[in-house]
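**Student:** how would this look folded up:
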Amino acid sequence: MAITSKYQGDWSSAGSNAGMSQFDSSTGGDSPEPVKYGVPAVAHKEEKAVTRSKFLFFFVLLLAVSGAATATYLLMESEEYNDFRAGFAGLGSEVSTVAGQKVDQMFSALDSYSLFISSDAETDKSSSWPFVTISDFSKKSEKIAELVGLERPEIIACPIVQEEERERWPSFVLESSPVYYQESIENEGDKKFTVGELMNLTIPYIWSYGVYDGVSVPALKVENSGPTLPIWYMYPLGYPYLGKMARSLDMLEFLETANQFQTITLTHRPSLSFAQMIDTGEGPGVADAYIGSQIMQPIIDDGILVGVILLRLRWVEFFQNLNIDGLTKTIAVLRSSCNIGYGTDTDDESRNELSYSIDTSGAVFLGLFDAHNPKYDDHVVSRVIVDVDVDESELPDGVCVPKVTLDLYPTEDLEKTFQTSKPKLYTAVVVAIFAFTSLVFLLYDFFVGRRQRKFMDRIVRQDQIVSNVFPAAIRDRLYGHEKEGSQQDNLLDTLGGGDHTGGMPLADLFLETTVVFADIAGFTAWSSAREPAQVFILLETIYGAFDRRAYRHNVFKVETVGDCYVAVAGLPEPDKDHVVAVCRFARDCVKVMQDTTLKLEVSLGPDTSELDLRVGIHRCDLTTPIPYDLRSVKKWSSDSRCPPWGTKPLPALRRYHEYSGKNGEHFCSHPNSSLPSYSRLALGLRTFCLDSSEEKQDLRQGQRGDADLLVENQC
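**Tutor:** This is a model prediction of the structure:
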């Protein structure tokens with residue numbers, strides 16, 4: 001059996017005869033499968049790891065691109081959204097400020113107008129309240145309208161007429177109306193009606209609307225007790241409604257006006273109400289109903305409430321005349337602390353809101369509800385525009401003085417004006433940067449991969465060369481020793497001996513081996529008369545056939561030196577039948593030599609068949625080293641491997657065989673102990689053996705025992 005230093009080698013089909021030639025075309029069906037070489041397993045493993053790393057890198061890169069693009073888009077979108085919020089906050093603040101100032105101007109203008117009317121009445125000593133006249137009422141009201149920035153306001157002056165004063169009212173109306181009509185026609189430029197026609201349509205007594213057969217009709221004389229509030233002067237003059245002019249109409253028949261009058265009587269403070277109103281200014285018989293507000297301003301004379309001024313406005317016109325640049329689709333919601341339409345407290349908050357859509361082109365009434373989009377709840381800009389300082393404890397139950405709040409909300413159309421293509425543009429730039437980075441990486445990976453493939457092809461070729469030189473087990477140990485040797489080299493380099501040793505050698509001791517030498521007799525003379533190509537064809541053909549026989553008999557080819565073929569059995573994997581294997585191999589080699597030279601005689605010359613084979617066999621123990629030259633990147637020798645050596649003088653045996661051996665015969669050492677009789681018989685040829693004293697013994701064929709016959713059958 002073999003004794004190894006560290007490792008018991010494996011004999012595989014790809015490595016046990018890795019050194020044999022690959023010229024199999026000349027063989028018959030007895031040749032083994034050709035050795036197939038591929039990328040080493042470690043290369044496959046590394047390639048898979050690299051592939052996984054690439055996929056992981058691209059996956060991470062994809063996630064990074066997606067994350068960066070999403071973050072960029074969201075960041076830019078958030079920036080636009082913040083700009084939108086800030087922009088609307090500024091716009092809403094401007095709108096609410098202008099609206100609040102405009103409402104304040106209306107209250108201030110009415111207060112000034114009431115003071116003017118009161119002072120003008122005091123200067124006229126010939127009349128007293130309620131029978132006083134206001135000169136140029138139309139012109140003065142027109143200036144008030146311009147001051148408050150309204151195009152079509154209704155300004156009405158109403159004196160307070162007590163019950164005992166009603167009898168004088170018709171004569172006062174008939175006396176003062178022609179002058180009032182004439183001034184209004186001249187100031188307003190509307191001459192569709194003459195003064196006489198308007199007088200015919202005027203009811204002199206204080207009246208209210210009545211209902212007959214479900215239809216409202218005018219001219220119902222007021223007979224109830226208490227004060228009345230007839231229309232005294234009106235701007236604009238307007239047109240007859242239901243066949244009558246509105247002069248002398250008692251405004252207290254309307255609930256919202258009655259509540260306002262009650263509040264003013266108690267507080268002497270202005271008041272505001274919401275109500276559905278009728279505009280008769282479009283033409284005869286034409287009425288326009290709308291939701292508006294009525295501001296009631298008291299007229300005080302010597303501390304006594306003597307009349308009121310009513311300003312009736314359309315909120316559509318109010319918002320339309322704000323004159324805000326850049327105003328785009330904003331929802332304006334007017335919220336009243338009182339019920340809209342009745343002027344009294346109510347639990348129905350849905351009637352406390354008016355919604356308008358306003359922009360630079362105008363305003364549109366949306367309805368008696370909150371029309372803003374709930375997603376803009378946190379964008380609201382709110383401002384109180386009407387807050388009459390009234391002590392509610394002074395008011396009777398059921399009377400409410402509204403506090404009006406203006407809430408402004410943006411719309412999607414307004415938000416779109418702040419949206420740009422920046423998010424998409426910046427996102428596209430980020431994606432383009434990552435795409436460019438990926439392209440650069442792919443190009444780099446392509447060139448690196450091409451270089452690695454070239455390097456791997458080189459490694460595979462080197463592995464094939466090493467596999468042809470060494471068995472697979474020795475090759476694997478050689479690869480494994482590279483790392484160990486490199487570590488030891490570093491240590492030895494540090495100690496100053498790295499240039500000589502190179503680590504622990506790979507050397508195994510095999511006690512049971514048999515070596516065979518096969519030498520071509522007459523080769524020197526034959527080759528001297530041949531072309532190099534012919535010499536190569538001969539050696540290639542013969543040694544190729546020997547390689548296939550060695551593979552069949554599990555014999556390891558050691559080397560070929562010129563015309564000498566050296567092989568051994570019993571290593572690198574121990575074989576108890578190593579002697580039999582070598583004998584059978586030697587027998588086949590002699591037979592192959594004879595057959596091959598006969599076949600090649602036609603192409604290589606007539607004396608080719610005269611070449612013969614001398615075979616020498618020796619049984620001994622061997623040591624199989626691998627030189628440092630092969631395991632060091634620092635050194636390389638011309639000898640591809642160090643052949644095995646043993647305790648017997650193999651070189652001397654080889655020289656004796658070459659000079660003393662006979663053609664077609666086998667020469668063996670130690671005939672009794674090394675080559676049993678059945679092994680010698682298995683040669684099938686004349687066999688010469690060398691004993692320990694190097695004497696020849698002629699063993700003739702036919703000297704057989706029972707054991708020899710048994711082995712012959714096995715052969």
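
**Student:** alpha carbons only for contacts and neighbour counts from here, please
**Tutor:** OK.

**Student:** mind listing what residue 323 touches?
**Tutor:** Shown in contact with residue 323 (Cα atoms under 8 Å, 6 or more residues apart in numbering): residue 360.

**Student:** likewise for residue 84?
**Tutor:** 415, 418.

**Student:** pretty sure it is in a strand, no?
**Tutor:** No. Counting by DSSP: H, G, I helix; E, B strand; the rest coil, residue 84 falls outside a strand, being helix.

**Student:** how many neighbours does the nearest residue to residue 313 once chain neighbours are set aside have?
**Tutor:** Spatial nearest neighbour of residue 313, chain neighbours left out: residue 153 (5.3 Å); criterion: Cα to Cα, 6 or more residues apart in numbering. For residue 153, the count of nearby residues is 22 (other Cα atoms under 10 Å).

**Student:** what of the one 3 residues further on?
**Tutor:** Residue 156 is surrounded by 22 other residues when neighbours are defined as other Cα under 10 Å.

**Student:** and what of residue 186?
**Tutor:** Neighbour number of residue 186 under other Cα under 10 Å is 12.

**Student:** does it lie in a helix or a strand, and which?
**Tutor:** Here residue 186, judged by DSSP states H and E, is contained in helix 169-188.

**Student:** need the pLDDT of the residue nearest to residue 313.
**Tutor:** In this model, residue 153 is scored at 82, pLDDT.

**Student:** so it touches residue 145, yeah?
**Tutor:** Yes. Counting by Cα atoms under 8 Å, residue 153 touches residue 145, with 6.5 Å between them.

**Student:** what's in contact with stretch 364-380?
**Tutor:** By Cα under 8 Å, 6+ apart, stretch 364-380 touches 85, 88-89, 316, 331, 333, 350-358, 407-411.

**Student:** residue nearest the centroid of this structure?
**Tutor:** Among the residues of the chain, the one closest to the centroid is residue 66, at 1.8 Å (Cα atoms, centre = their mean).

**Student:** how far away is that one from residue 430?
**Tutor:** Here the criterion is Cα to Cα, to the nearest Å. By it, residue 66 lies 10 Å from residue 430.

**Student:** and for residue 225?
**Tutor:** 84 Å.

**Student:** okay, these two: which has more neighbours?
**Tutor:** Neighbours per residue, other Cα under 10 Å: of residue 225 and residue 430, the larger number sits with residue 430, 19 against 9.

**Student:** and the pLDDT at the more buried one?
**Tutor:** If you check residue 430, the pLDDT there is 88.

**Student:** please apply the same query to residue 223.
**Tutor:** Value for residue 223, per-residue pLDDT: 87.

**Student:** the one 5 residues further on now?
**Tutor:** What the model reports for residue 228 is a pLDDT of 93.

**Student:** and the nearest residue to it once chain neighbours are set aside, how far is that from residue 268?
**Tutor:** Using Cα to Cα, 6+ apart and skipping residues adjacent in sequence, the residue nearest residue 228 is residue 161, 5.2 Å away. Residue 161 sits at a distance of 17 Å from residue 268 (criterion: Cα to Cα).

**Student:** against residue 515, how distant is residue 562?
**Tutor:** Per Cα to Cα, residue 562 is found 18 Å from residue 515.

**Student:** now swap in residue 245 and tell me
**Tutor:** Taken as Cα to Cα, the span from residue 245 to residue 515 is 145 Å.

**Student:** residue 562 and residue 515: which is more packed in?
**Tutor:** residue 515 (26 against 11).

**Student:** the more buried one in helix, strand or coil?
**Tutor:** strand.

**Student:** run through the helices of the stretch 501-650 of the chain in chain order.
**Tutor:** Per DSSP state H, counting those that start in this stretch, the stretch 501-650 of the chain carries helices over the ranges 523-528, 532-552, 578-604, 650-660.

**Student:** in the second one, what counts as buried?
**Tutor:** This points to helix 532-552. Across helix 532-552, burial judged by 16 or more other Cα atoms under 10 Å covers 534-535, 538-539, 541-552.

**Student:** for these, which one is nearest residue 383?
**Tutor:** residue 551 (104.7 Å; Cα to Cα).

**Student:** which stretches of the stretch 251-400 of the chain form strands?
**Tutor:** Using DSSP state E, counting those that start in this stretch, the strands of the stretch 251-400 of the chain run over residues 271-279, 288-301, 304-314, 330-336, 353-359, 362-367, 381-387.

**Student:** do you know the pLDDT at the residue nearest to residue 558 when sequence neighbours are not counted?
**Tutor:** Leaving aside its sequence neighbours, residue 558 sits nearest to residue 567 (Cα to Cα, 6+ apart; 4.9 Å). Looking at residue 567, its pLDDT is 90.

**Student:** so residue 567 sits against residue 557, correct?
**Tutor:** Yes. Between residue 567 and residue 557 there is a contact under Cα under 8 Å: 4.2 Å.

**Student:** so where's the chain shaky on pLDDT?
**Tutor:** Where the chain drops to pLDDT under 70, the residues are 1-43, 211-219, 239-243, 277-290, 341-351, 469-473, 478-506, 625-715.

**Student:** the same query, at a cut-off of 50, please.
**Tutor:** Along the chain, the model assigns pLDDT under 50 to residues 1-38, 281-287, 342-350, 482-501, 628-642, 647-649, 652, 655-656, 659, 671-715.

**Student:** okay, helices next: where are they in the stretch 201-350 of the chain?
**Tutor:** 255-267, 315-320.
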